[in-house]
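Participant: Just a sequence and a predicted model for now, questions to come.
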Amino acid sequence: MMILDFGDIIANRITSTTVIDIIGELITIENVKEVKSNGSKRKLLEFELQDSNNIKLQCSLWGDYAVQVSQYIQKANSGIIIIVIQLAKTKPYGGKITITNALYASILINPDIPEVVDLKKSQIPTEKAYSIEGDFLLLTERKTLDEIREAREVCTCVTLATIQKIQTDYNWFYNACKKYQRKINAENGKFWCEKYNENARFVIPRYRVQVLVIDHTCTASFILFDHEAKQFIHKSAVELRERLTKEDDDDSFPQELDVLVKRKLLFKIQVSEFNLNQNWPVFSVSKMTNDENLIVAFRDNLDLNQESTGQEYFTNEAESTKKKDGLDNGSLSVTGDNEVKICSSDNITPCKRNLLESDVEH
């Protein structure tokens, strides 16, 4: 396989009639959309790849390629996703050079080949700038609350649930150092920042709101931290704490938190080692949204993505829902005759307790 350098592609050193092979890490991805092309409607999937030199390249897949690759990525766990496109071609779009599939192209995801192993080794894990659609609908595993509570492995997943109530047995904030915004402890009359192992000169409150959520399967407890809580409260924990202090009402829960109750939201949550080792059914929320379009899309696709028939091959769009169990560690090959092969790759009621390190933002 002759892999072409992204720099040569972006510099427009390749003619649009030349077919090429590329390999890169998936950085961003959008939803599949339907667009008009040459007088007919076609499926389009747009995404961005990054090579070993951290050069980014816009890519687009059409037709069955778009649908099948999108469906596979929806089932893949979060982590490094490497995409190989063989027999691709360049195309100017929006003033930039983009990559698209040729007629008989092949698309492989996380194949067990030396080029993929080398690229994975070269990549430093970072928080990818996935679109909100990609993050909630494509790249993160979906689970019900019952499946989250029954999880036996560390994972990140998305779930749809309604906040039933604020759990007022737990405080709604924690004290953090102003400089690093991390949890602090009081020692000998001083505040100590655990994360960076130094004295904290200034201390501020940050949100840590524990809520009871419910879906059609069961209930669970989620923790909303500062960024997520402020999306809906529209005031900082500092403002609410100062108001309560002025009113000599430090022990009360601020009424502003009530805006969270009865909201149906998509939550991206983490099942951590602490959850598993301590059998602790309280899960941290890393992102959440009330976007109605995302909620509808999530609900519409939930049943489809939970189906699994054990089929190893599917050869047309009508059979594209027949996906194999265990995609999390697998690889995908999409070829020009629309054949897809999925193969193995070697590669609730919590008790009261003190605030632990696992309960605060990192």
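Facilitator: Now that the structure is in, tell me what you want to look at. Numbering: from 1, shown residues only.
Participant: Domains in this structure, by residue range?
Facilitator: Structural domains assigned to the chain are 6-128+307-344, 141-298, following automatic domain parsing.
Participant: So which of the ones you listed is nearest residue 135?
Facilitator: domain 141-298 (6.9 Å; CB to CB). C-betas here are computed from N, CA, C, even on glycine.
Participant: need the helices for the chain, in chain order.
Facilitator: 6-10, 64-75, 114-122, 132-133, 145-149, 226-233, 237-246, 273-277, 292-306 (DSSP state H).
Participant: Which of those has the highest mean neighbour count?
Facilitator: helix 64-75 (a mean of 22; mean count of other CB atoms under 10 Å).
Participant: helices and strands around that helix, which ones?
Facilitator: strand 20-29, strand 40-50, strand 96-109, helix 292-306, strand 330-334, strand 340-344 (3 or more CB pairs under 8 Å, 6 or more residues apart in numbering; DSSP states H and E).
Participant: Please render those as a markdown table that adds distance to residue 165 to the earlier fields.
Facilitator: Listed next are those as a markdown table, based on distance: least, CB to CB, whole Å:
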| stretch | distance to residue 165 |
| --- | --- |
| strand 20-29 | 36 |
| strand 40-50 | 40 |
| strand 96-109 | 42 |
| helix 292-306 | 21 |
| strand 330-334 | 41 |
| strand 340-344 | 43 |
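Participant: Include mean pLDDT when you put the domains of the chain into TSV, please.
Facilitator: Converted to TSV, the domains of the chain look like this (pLDDT from 0 to 100):
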stretch	mean pLDDT
domain 6-128+307-344	71
domain 141-298	87
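Participant: Tally up the residues packed near residue 15, please.
Facilitator: Look at residue 15: counted by other CB atoms under 10 Å, it has 8 neighbours.
Participant: re earlier: for residue 134, which of the domains of the chain is the nearest?
Facilitator: Here domain 6-128+307-344 is closest among those (CB to CB), at 4.2 Å.
Participant: so how far is residue 100 from residue 289?
Facilitator: Distance, residue 289 to residue 100, by CB to CB, to the nearest Å: 30 Å.
Participant: One more: residue 147?
Facilitator: From residue 147 to residue 100 the distance is 37 Å (CB to CB).
Participant: got it, and residue 173?
Facilitator: Distance of residue 173 to residue 100, given as CB to CB: 50 Å.
Participant: likewise residue 239?
Facilitator: From residue 239 to residue 100 the distance is 50 Å (CB to CB).
Participant: Could you pull out the strands in the stretch 151-300 of the chain for me?
Facilitator: Here the stretch 151-300 of the chain has its strands, by DSSP state E, counting those that start in this stretch, at 155-166, 173-177, 184-187, 190-193, 198-199, 203-214, 219-225, 264-271, 282-289.
Participant: Okay, now the sheet partners of the third one, with direction.
Facilitator: Sheet pairing for strand 184-187, assigned by DSSP bridges, gives strand 190-193 (antiparallel).
Participant: and residue 232, which of the helices and strands packed on helix 64-75 is closest to it?
Facilitator: helix 292-306 (14.8 Å).
Participant: tally of neighbours for residue 253?
Facilitator: Residue 253, neighbours per other CB under 10 Å, totals 15.
Participant: looking at the helices of the chain, which is closest to residue 55?
Facilitator: Among the helices of the chain, helix 6-10 sits nearest to residue 55 (CB to CB), with 4.1 Å.
Participant: so what secondary structure elements neighbour that closest one?
Facilitator: strand 20-29, strand 56-62, strand 96-109.
Participant: okay, those in TSV with mean neighbour count and distance to residue 267 next?
Facilitator: Shown next, in TSV, are the helices and strands packed on helix 6-10 (neighbours: other CB atoms under 10 Å; distance: least, CB to CB, whole Å):
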stretch	mean neighbour count	distance to residue 267
strand 20-29	21	20
strand 56-62	19	29
strand 96-109	18	27
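Participant: Tell me which of these sits nearest to residue 42.
Facilitator: strand 56-62 (5.6 Å).
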